[in-house]
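Participant: Test case, fold it:
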Amino acid sequence: MRATVGDRLVLHGRIVGQHDRTAEVVEVLGADGGPPYRIRFEDGHETLMSPGPDTVVRHEDPAT
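Facilitator: Below is the predicted model of the structure:
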């Protein structure tokens, strides 16, 4: 998994009824864009994360 600052991580719900969560990558701490990442959720909560297989990176479009 590779991400850059500004990309979005989508964490898929792991149980029935749990919604997907979206977080913005605010800092990349691994080499060459790899984890761990400092992320910020929509509610402002920040944490360090090494994403698992239930996470997808949505790369920020540089044209926007």
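Participant: Show me where the chain dips below the pLDDT cut-off.
Facilitator: Within the chain, the stretches with pLDDT under 70 are 62-64.
Participant: So for it, which residue is the most central one in space?
Facilitator: Among the residues of the chain, the one closest to the centroid is residue 9, at 2.7 Å (CA atoms, centre = their mean).
Participant: Excluding residues flanking it in the chain, which one is nearest that residue?
Facilitator: Distance criterion CB to CB, 6 or more residues apart in numbering; nearest residue to residue 9, sequence neighbours excluded, is residue 23 at 4.9 Å. Backbone N, C-alpha and C define where each C-beta goes, glycine included.
Participant: Where does that neighbour sit: helix, strand or coil?
Facilitator: strand (DSSP: H, G, I helix; E, B strand; the rest coil).
Participant: Against residue 14, how distant is it?
Facilitator: Relative to residue 14, residue 23 is positioned 15 Å away (CB to CB, to the nearest Å).
Participant: which of the two has more neighbours?
Facilitator: residue 23 (23 against 8; other CB atoms under 10 Å).
Participant: Tell me where the protein has strands.
Facilitator: Assigned by DSSP state E, the strands in the chain fall at 8-11, 21-28, 37-41, 46-49, 55-58.
Participant: Show me the contact partners of the first one.
Facilitator: Read that as strand 8-11. Applying CB atoms under 8 Å, 6 or more residues apart in numbering, the contact partners of strand 8-11 are 3, 20-25, 37, 39, 49, 51, 54-58, 60.
Participant: Try it again at 10 Å.
Facilitator: 1, 3, 18-25, 37, 39, 41, 49, 51-52, 54-60 (CB atoms under 10 Å, 6 or more residues apart in numbering).
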